[in-house]
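Colleague: Just a sequence and a predicted model for now, questions to come.
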Protein chains: 2
Amino acid sequence: MAVSNIRYGAGVTKEVGMDLQNMGAKNVCLMTDKNLSQLPPVQMVMDSLVKNGINFKVYNNVRVEPTDRSFMEAIEFVKKRAFDAYVAVGGGSTMDTCKAANLYASSPHSDFLDYVNAPIGKGKPVSVPLKPLIAVPTTSGTGSETTGVAIFDYEPLKVKTGIASRAIKPTLGLIDPLHTLHMPDRVVANSGFDVLCHALESYTALPYHMRSPCPSNPITRPAYQGSNPISDIWAVHALRIVAKYLKRAVRNPDDLEARSNMHLASAFAGIGFGNAGVHLCHGMSYPISGLVKTYKAKDYNVDHPLVPHGLSVVLTSPAVFTFTAQMSPERHLETAEILGADTRTARIPDAGPILADTLRKFLFDLDVDDGLAAIGYSKADIPALVKGTLPQERVTKLAPRPQSEEDLSALFEASMKLY
Amino acid sequence: MAVSNIRYGAGVTKEVGMDLQNMGAKNVCLMTDKNLSQLPPVQMVMDSLVKNGINFKVYNNVRVEPTDRSFMEAIEFVKKRAFDAYVAVGGGSTMDTCKAANLYASSPHSDFLDYVNAPIGKGKPVSVPLKPLIAVPTTSGTGSETTGVAIFDYEPLKVKTGIASRAIKPTLGLIDPLHTLHMPDRVVANSGFDVLCHALESYTALPYHMRSPCPSNPITRPAYQGSNPISDIWAVHALRIVAKYLKRAVRNPDDLEARSNMHLASAFAGIGFGNAGVHLCHGMSYPISGLVKTYKAKDYNVDHPLVPHGLSVVLTSPAVFTFTAQMSPERHLETAEILGADTRTARIPDAGPILADTLRKFLFDLDVDDGLAAIGYSKADIPALVKGTLPQERVTKLAPRPQSEEDLSALFEASMKLY
């Protein structure tokens, strides 16, 4: 169980210059994306760096939903410049790109695929020391500030994959709720759904002692180790916050209490799933995002079709938890209750449908598109969606119930329409 | 918020050799005490070191309830030997001694008082890098495997004090429930009371945003920062485990489930209080232990009078929480409920007495001595006990309610008899 250091509070971003000074950093890479580079969070970081006399260069070419190519561009940029520390300001895309850049700059003779998860890459364990990385999240979803995971689209195979190693976990996450006030409502909702699914999936993942293989050397064990007594605490706590605050956070951009709590919940769920792992909602989300046709999500300022990650994750959740409930019905009922269901007279065999109905109501209340059909998919797409899920074995094998291709088909089909 | 890495499971101790190998360690110090050095936990560690070809030296001269002199002996031992990693096998005394040894060996030109908490020492921030330290706790109380604190008796002034810095936090804690099966019942009870008070005190400590001073540079902020949304999670969770399992763990040495859970609870509460801090029960416990006359605790194999730490902490808890309840009555009621009180019709002004009564019943059920009188103190000792508490400002100032010398007197007096 590995946990990042985090610091929470309105304005903690302003301390980043002192933190870097305390770390002895003299030449810092500030990584962000083009949109954010003009906005207050990045300005606040730059002011702090200047004030503390820290020399830095900005890389603002991070791609939202990064690819192997966008990762490699960032890696090339940093390899040339001998940075001794990194600051990532943004959402998951930025933090993940920065983790990859730090890793490959610290291991300059590695091939890109060396550290990428098998079977796409070689999944080598990381044994080189990395430079300090401070993550400043500006969305409330990925929890990437607390995890050792960096996700990207591997374009040659058109699949999502990633790098997963405790070694790339940020040195420090600065959880500053001030950055949440700029988020439009769909960004709050979709990133909140990512938190919701991180919590639900890590809490219902295969228990750690049932995972196989179980390598005898700790360094070769996967970052995602299955649900365990510590990740459970974070998952349940994050879920309680989602239940209490997500709707308020979506509906009122000035509700600092709600948005602050969701910002913390994102980190909490990250600590949970960063150790336990996620399973089917995430595994199936990658082709849902990757095979997007024309859908353009409201409130996202990008020039290409996009199914936001949190949306692609949550749309299958009613079907997924109906499917998995038989393996741990008590946990499924418990999470339904946290999300508002009255479970006092619930029967154990109904745990799945009860959680699924609770999720449908939750999504309906938040104006979520009515299933995969509403974002442009039809039955004819199911074989491609299943095919895109198969390489996600790293996560799908953490589902508490094994699944055949037929099972995956049925899950996609059941997710076409929600209400 | 800084959290240690921990690994939990029956037999994880056997992995220590691989962990050290993965860290590149070649010359390891194995620190323990004389009793333990003949027992299975130490044997298991040595076997793993031998099996993995790790060269090591044993230091088994740790004093139970360490002093500045016993710390310095350990420091002298390690300074001569250029160790590149440490393994501490034992309770809080061993882990704390090992933290101090690692610190001063890494900072060989420092005076002993440089890093000791002010006002007794200089309280300098630690900026030297330390060697890796793996902690293997064999009692279920201190949580020292997760904290950046090392406590000792400073003999020249006859007061307890310590060193508190995130830098001395163990690199890894191996939480192996197999080690809990050897503990006699009073050791389980007293170390469990330490967990109980860590949880109650950190949950009711002054909130972090009300703490002063509030240094602008993160490196100069105290390790104990006041209660906060993250430490709260750990405190409440640890308390639930104590409520469910402590009595079972005390009464049945073979109840592996109960003892395993208490072993985890100790680490959880440590993560909580290691960030939030403790307050009056701990602050007042130091003179209760330090001024011991003839009391010899059952089940402790030592040649001198001893009030075990957990006992000295818990005996004042009914009085302390009666005193503090007015600052956060809801939290006091919530913890009473977790410990078994029926609070459905409770009135807010009764929160303190309700929690106090709940604690008295809990202690009575576990055959705890009837207050300070039962361990040898009388009214005549109160001025000395108060005087011994005053230098503990580092923790007492984290109490939610400020306290005068008269208040402290009244708290000791109210703790003379419990039932």
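Modeller: Right, received. Where do you want to start? Numbering: from 1, shown residues only, chains lettered A, B, ... in the order given.
Colleague: What is the burial count for A:Ala249?
Modeller: 29 (other C-beta atoms under 10 Å in any protein chain shown). Heads up, the C-betas are built off the backbone N, CA and C, glycines and all.
Colleague: residues contacting it?
Modeller: Taking C-beta atoms under 8 Å, 6 or more residues apart in numbering or on different chains, we find A:Ala249 in contact with A:140, A:180, A:188, A:192, A:255, A:258-259, A:261-262.
Colleague: what do you get if the cut-off is 7 Å, keeping everything else the same?
Modeller: For A:Ala249, the contact set (C-beta atoms under 7 Å, 6 or more residues apart in numbering or on different chains) comprises A:188, A:192, A:255, A:258-259, A:262.
Colleague: same deal with A:Ser165?
Modeller: With the criterion set at C-beta under 7 Å, 6+ apart, A:Ser165 makes contact with A:115, A:125-126, A:148, A:223.
Colleague: and the residues you listed, which are buried?
Modeller: Among these, the ones that count as buried by 16 or more other C-beta atoms under 10 Å in any protein chain shown are A:115, A:126, A:148, A:223.
Colleague: which residue sits closest to the first one in space, ignoring its chain neighbours?
Modeller: Read that as A:Tyr115. In this structure, A:Tyr115 finds its nearest non-sequential neighbour in A:Ile163, 4.9 Å apart by C-beta to C-beta, 6 or more residues apart in numbering or on different chains.
Colleague: Next one: the closest residue to A:Ala373 other than its chain neighbours from A:Ala297, what distance?
Modeller: Ranked by C-beta to C-beta, 6+ apart and with sequence neighbours excluded, the top spatial neighbour of A:Ala373 is A:Met416, at 4.6 Å. Going from A:Met416 to A:Ala297 by C-beta to C-beta, to the nearest Å gives 18 Å.
Colleague: Please list the residues of the stretch 151-300 of chain A that sit near chain B.
Modeller: A:217-219, A:229, A:233, A:237, A:264 (C-beta under 7 Å from any C-beta of the partner chain).
Colleague: Now go through those residues and say which are in strands.
Modeller: Taking DSSP state E, every one of those sits outside strands.
Colleague: related to what we said a few turns ago, any chance of a markdown table for the buried ones among the contacts of A:Ser165, columns secondary structure and pLDDT?
Modeller: As requested, those are exported to a markdown table (DSSP: H, G, I helix; E, B strand; the rest coil; pLDDT from 0 to 100):
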| residue | secondary structure | pLDDT |
| --- | --- | --- |
| A:Tyr115 | coil | 96 |
| A:Val126 | coil | 90 |
| A:Gly148 | coil | 92 |
| A:Ala223 | coil | 78 |
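Colleague: Let me know the helix or strand that A:Glu76 is in.
Modeller: A:Glu76 belongs to helix A:68-79 when assigned by DSSP states H and E.
Colleague: Could I get the buried residue list for that helix?
Modeller: For helix A:68-79, by 16+ other C-beta under 10 Å, it's A:68, A:70-75, A:77-78.
Colleague: Look up phi and psi at A:His304.
Modeller: Main-chain dihedrals, A:His304, degrees, to the nearest 10: phi -140, psi 160.
Colleague: Tell me who's in contact with A:Leu256.
Modeller: Counting by C-beta under 7 Å, 6+ apart, A:Leu256 has contacts A:177, A:181.
Colleague: what about burial for the residues of the stretch 151-300 of chain A next to chain B, which qualify?
Modeller: Using 16+ other C-beta under 10 Å, the buried ones in these are A:218-219, A:229, A:233, A:237, A:264.
Colleague: Which ones among those residues map onto helices?
Modeller: Secondary structure from DSSP state H places A:229, A:233, A:237, A:264 of these in helices.
Colleague: Let me see the confidence value for the second one.
Modeller: The reference is to A:Ile233. The score at A:Ile233 is 92. That number is its pLDDT.
Colleague: Run through who's touching stretch A:155-164.
Modeller: A:67-69, A:100, A:103, A:115-117, A:120, A:148-154, A:222-224, A:286, A:290, A:388, A:391.
Colleague: picking up where we left off before, what number of residues lie near the residue nearest to A:Ala373?
Modeller: 18.
Colleague: pretty sure it contacts A:Ile375?
Modeller: No: using C-beta atoms under 7 Å, A:Met416 makes no contact with A:Ile375, being 10.2 Å away.
Colleague: what about A:Ala269, which helix or strand?
Modeller: Going by DSSP H and E, A:Ala269 is in helix A:256-276.
Colleague: So which bits of that helix are buried?
Modeller: A:256, A:258-276.
Colleague: from the contacts of A:Ser165, which is closest to chain B?
Modeller: When the contacts of A:Ser165 are compared for distance to chain B (C-beta to the nearest C-beta), A:Pro125 wins out at 8.9 Å.
Colleague: doesn't A:Asn217 make contact with the closest one?
Modeller: No: applying C-beta under 7 Å as the test, A:Pro125 and A:Asn217 come out as separate, 9.1 Å apart.
Colleague: Whichever residue of the stretch 251-400 of chain A sits closest to chain B and A:Tyr8: what is the separation?
Modeller: Nearest residue of the stretch 251-400 of chain A to chain B, counting by C-beta to the nearest C-beta: A:Leu264, 6.1 Å away. Separation of A:Leu264 from A:Tyr8 (C-beta to C-beta): 6 Å.
Colleague: Please name the residues that touch the residue of the stretch 251-400 of chain A closest to chain B.
Modeller: A:8, A:175, A:241, B:229.
Colleague: Identify, from these, the entry nearest to B:Asn35.
Modeller: Closest to B:Asn35 out of the contacts of A:Leu264 is B:Pro229 (40.0 Å), distances taken as C-beta to C-beta.
Colleague: So for that closest one, what's the pLDDT?
Modeller: The model's pLDDT for B:Pro229 equals 89.
Colleague: Contacts only, for it.
Modeller: B:Pro229 neighbours (C-beta under 7 Å, 6+ apart): A:Leu264.
Colleague: For the stretch 1-150 of chain A, give me the ranges with low pLDDT.
Modeller: For the stretch 1-150 of chain A, applying pLDDT under 70 flags the ranges A:1-4.
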